[in-house]
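Colleague: here's a sequence, model it:
(chains A and B)
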Number of protein chains: 2
Amino acid sequence: MKPSISRPTFVVREEICRANIRHMADKAKTSGVMFRPHFKTHQSLQVAEWYREEGVTQITVSSAEMAMKFAEAGWDDITIAFPANIRETDAYNGLAGKIKLNLLTDSLEATAALVSKLNTETGIFIEIDTGYGRSGVHYSNEEMIKEIIHTIDHARELSFKGFLTHSGNTYSATNTVQIKDIYYDTIAELQSLKDKYLNTHPDIIISVGDTPSCSIVDDLSDADEIRPGNFVYYDLMQYYLGVCKFEDISVAVACPITGIYPERNEIVIYGGAVHLSKEYLEENGRFYGLVVKYEKDAWSEPVPGTRLISISQEHGIIRTTSSFINEIKHGDLLGILPVHSCLTANLLKENMLII
Amino acid sequence: MKPSISRPTFVVREEICRANIRHMADKAKTSGVMFRPHFKTHQSLQVAEWYREEGVTQITVSSAEMAMKFAEAGWDDITIAFPANIRETDAYNGLAGKIKLNLLTDSLEATAALVSKLNTETGIFIEIDTGYGRSGVHYSNEEMIKEIIHTIDHARELSFKGFLTHSGNTYSATNTVQIKDIYYDTIAELQSLKDKYLNTHPDIIISVGDTPSCSIVDDLSDADEIRPGNFVYYDLMQYYLGVCKFEDISVAVACPITGIYPERNEIVIYGGAVHLSKEYLEENGRFYGLVVKYEKDAWSEPVPGTRLISISQEHGIIRTTSSFINEIKHGDLLGILPVHSCLTANLLKENMLII
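Modeller: So this is what the prediction gives:
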């Protein structure tokens, strides 16, 4: 039989993926919060349909380009969770003419540009920095927050939606207690901002949502909206954070074996940085993925003593054991559990297989 | 005027890029070696034409997919410099029916599979490991080399072309003397193999060609063929290896400024791991790119004290000086000199601008 996979292929196990979606949708429902999942992780119209089947109607993306793609596919309530890019106001106006669009701002300068350039009703969240230190107004900078709200309030087309944050600092946590601490601190800071403006802006919400927090915290009812994304696939980064189990990882990259080197217990696969990304983890040395035995409809647990230790543009080098070397042959497929599924999915979005 | 660049864009300076091509083509001519540049770096039909104008007719790629793309564009002599993938023999047969195709092998198992599955005349190089330790038969494993040649010789459709290596270990050199040492050792090892088989196979060649060696060594006449690729763009990795000057780097990623944080001397750009890749360098800390002032037809030297210190999926964080913070405003474009232009070019191949 002709092998159906001949080059590095992003394989999604539908059953696990749907279970991940259902679990998070159920948690949101039980907690009484709105569920606006981040679609940047998968960027797939097919996976998007699985969300729709769980009742999801509001989504998050990270670029105008992605918003246009999903808007065309019928998604009509989209938050672009990236600081508004004032070079893309034409695209924002085009989108806001067709769908319910929310943007983010974290400065007076950008807000003023939006006021002058947006000509269609658009929701605006103020992005708050609660400790991650990437983008957002620092939560303690009450003066700037006040001025931004004032500017939004005086713009006919813009409506102030509330406070939004991405607590990416949960990814630096060393245990799940720290993840919870970050979550509760974030909620407290956003809640205190919301309390301050609730009288004048009764509809504002607080929106949070990194995958570690949303996976680890059982009761999310202190938030109004959650926006996790990665949980749909999970990956080794989440596994090593203690956020998911191996069985929750719904994706692997199937890679053909193109070289076997018993003298150094190494295997070379067709699968490199242009397929997996150069994201790595460190535990007794650096690695770019774990290896599973790939079968037609599933894959094994990670093969013991076996890791993807090096990648160049198209090659990956797996260090393994002599016993595993004896099990494999040229042309076999191995599965690589990715370190960071968002980046891997982005690289292989034209080469995806659902099983 | 409407800004023409609104999202991260791979900008190529044609004049510098053509000069890089011309310089390497001239060096190959002066040295009397065949020039078969690696097209995996740029993957661009336009850049390919610039090579053609310098007389290039033979090329190297790293996948069957890339070979098909360039074959369709009229390139008819292609080496796929990646260990033959026996799951793609149908693609190889299709290619070999249209163009002059060379493949690589480094094992008896893969060679036997090629013998049984290839049905059209195909050239075969034996890939030799001269110290990089990725793929290839170790140069000292003369028994295996002999058996592979024997197997090729007995296959009607296959012809043995010679010995090929990629000395990727030059990328770990700490100075240019080391790069030269690796080059001359590689040449000596391949030459000794060639000498052994020249009587029985008078047309075999030795093919080498990483960008560091081919840039640093002036006289390449000891090789028969060179296959460098990265030099067409160069990048910060090559600069820090001492292989090129800043002025030789022909590409930068133009990124809109979406956040300015004077209190921490940081700028957030629309430009992250899905645009630049997560390749980094370390010198007084880790960085993912240097920053240049982007102008219409050119860019500046790197801005002093200013580096891209962190990237996530779409965001980049630049740490800079208070004086540079005062020069910029929301929506300005900054140029990022990439750490590894091959990976960046691959990520932005749909969003490239030639100036």
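Colleague: what sits against A:F287?
Modeller: A:280-281, A:307-309, A:339 (CB atoms under 8 Å, 6 or more residues apart in numbering or on different chains). Any C-beta I mention is one placed from the backbone N, CA and C, and that applies to glycine too.
Colleague: want to throw those into TSV with secondary structure, neighbour count and pLDDT?
Modeller: Converted to TSV, these look like this (DSSP: H, G, I helix; E, B strand; the rest coil; neighbours: other CB atoms under 10 Å in any protein chain shown; pLDDT from 0 to 100):
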residue	secondary structure	neighbour count	pLDDT
A:Y280	coil	20	98
A:L281	strand	18	98
A:R307	strand	22	98
A:L308	strand	29	98
A:I309	strand	17	98
A:V339	coil	25	98
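Colleague: show me which of these is closest to A:R13.
Modeller: Among the contacts of A:F287, A:V339 lies closest to A:R13 (CB to CB), at 18.1 Å.
Colleague: ok, now how distant is that closest one from A:V268?
Modeller: 19 Å (CB to CB, to the nearest Å).
Colleague: what of A:Y261?
Modeller: Relative to A:V268, and taking CB to CB, A:Y261 is found at 7 Å.
Colleague: likewise for A:E54?
Modeller: 40 Å.
Colleague: repeat that for A:R13.
Modeller: The separation that A:R13 has from A:V268, given CB to CB, amounts to 26 Å.
Colleague: neighbour count winner among these two?
Modeller: A:V268 (23 against 18; other CB atoms under 10 Å in any protein chain shown).
Colleague: now do the contacts for A:K98.
Modeller: A:71, A:76.
Colleague: tell me the pLDDT at it?
Modeller: With respect to pLDDT, A:K98 scores 98.
Colleague: contacting residues for A:I16?
Modeller: Contacts of A:I16 (CB under 8 Å, 6+ apart): A:247-250.
Colleague: now list the buried members of those residues.
Modeller: With burial judged by 16 or more other CB atoms under 10 Å in any protein chain shown, the buried subset of these is A:248-250.
Colleague: let's have these in a markdown table, adding secondary structure and pLDDT.
Modeller: A markdown table is the format used below for those (DSSP: H, G, I helix; E, B strand; the rest coil; pLDDT from 0 to 100):
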| residue | secondary structure | pLDDT |
| --- | --- | --- |
| A:D248 | helix | 98 |
| A:I249 | coil | 98 |
| A:S250 | coil | 98 |
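Colleague: and the strand or helix carrying A:T30, C-alpha only, in CSV?
Modeller: Assigned by DSSP states H and E, A:T30 belongs to helix A:14-31. Extracted C-alpha coordinates of helix A:14-31, given in CSV (Å, rounded to 0.1, in the frame of the first residue of the first chain):
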residue,chain,number,x,y,z
GLU,A,14,-10.2,14.6,16.6
GLU,A,15,-11.5,12.7,19.7
ILE,A,16,-8.9,14.2,22.1
CYS,A,17,-9.2,17.7,20.5
ARG,A,18,-13.0,17.7,20.8
ALA,A,19,-12.7,16.5,24.4
ASN,A,20,-10.4,19.4,25.2
ILE,A,21,-12.9,21.8,23.7
ARG,A,22,-15.8,20.3,25.5
HIS,A,23,-14.0,20.3,28.8
MET,A,24,-13.2,24.0,28.6
ALA,A,25,-16.6,24.9,27.3
ASP,A,26,-18.2,23.0,30.2
LYS,A,27,-15.9,24.7,32.7
ALA,A,28,-16.9,28.1,31.3
LYS,A,29,-20.6,27.2,31.5
THR,A,30,-20.3,25.9,35.1
SER,A,31,-18.4,29.0,36.1
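Colleague: which parts of that helix count as buried, going by neighbours?
Modeller: Of the residues in helix A:14-31, those buried (16+ other CB under 10 Å) are A:16-18, A:20-21, A:24-25, A:27-28, A:31.
Colleague: what mean pLDDT does that helix get?
Modeller: Helix A:14-31 comes out at a mean pLDDT of 98.
Colleague: next one: stretch A:163-178
Modeller: 92.
Colleague: ditto for stretch A:263-277
Modeller: 98.
Colleague: what ranges do the helices span in chain A?
Modeller: A:14-31, A:45-53, A:64-72, A:89-96, A:108-117, A:142-153, A:176-197, A:211-216, A:236-241, A:273-276, A:322-327, A:341-347 (DSSP state H).
Colleague: closest one to B:I187 among these?
Modeller: helix A:273-276 (28.0 Å).
Colleague: quick one: distance of the closest one to the chain centre.
Modeller: From the chain centre to the centre of helix A:273-276 is a distance of 18 Å (CA atoms, centre = their mean, to the nearest Å).
Colleague: what's in contact with it?
Modeller: A:8, A:253, A:255, A:288-289, A:308, A:311-314, A:316, A:336, A:338-339, A:343-344, A:347-348, B:277, B:279, B:343, B:346.
Colleague: switch to 7 Å and redo it
Modeller: Helix A:273-276 is contacted from outside by A:8, A:253, A:288-289, A:311-314, A:336, A:338, A:344, A:347-348, B:277, B:343, B:346, using CB atoms under 7 Å, 6 or more residues apart in numbering or on different chains.
Colleague: any regions of chain A where pLDDT drops low?
Modeller: A:1-3 (pLDDT under 70).
Colleague: tally of neighbours for A:G55?
Modeller: 11.
Colleague: same check on A:K194?
Modeller: Count around A:K194 with other CB under 10 Å applied: 16.
Colleague: hmm, it is touching A:F163, no?
Modeller: Yes. A:K194 is within contact range of A:F163, at 6.1 Å (criterion: CB atoms under 7 Å).
Colleague: name the residue most distant from the centre of chain A?
Modeller: A:E263 (40.0 Å; CA atoms, centre = their mean).
Colleague: what's the local residue count around A:T122?
Modeller: Counted with other CB under 10 Å, A:T122 comes out at 23.
Colleague: an error on my part: the question was meant for A:K349.
Modeller: Neighbours of A:K349 (other CB under 10 Å): 12.
Colleague: spatially, what comes nearest to it if we skip its sequence neighbours?
Modeller: Leaving aside its chain neighbours, A:K349 sits nearest to A:Q43 (5.5 Å; criterion: CB to CB, 6 or more residues apart in numbering or on different chains).
Colleague: wait, what's in contact with the one you found?
Modeller: By CB under 7 Å, 6+ apart, the neighbours of A:Q43 are A:66, A:345-346, A:349.
Colleague: which of those are buried?
Modeller: Counted by 16+ other CB under 10 Å, the contacts of A:Q43 give A:66, A:345-346 as buried.
Colleague: which of those residues lies closest to A:I354?
Modeller: For those, the nearest to A:I354 is A:A345 (12.4 Å; CB to CB).
Colleague: surely that closest one meets A:F39?
Modeller: No. Look at A:A345 against A:F39 with CB under 7 Å: they stay out of range, at 10.6 Å.
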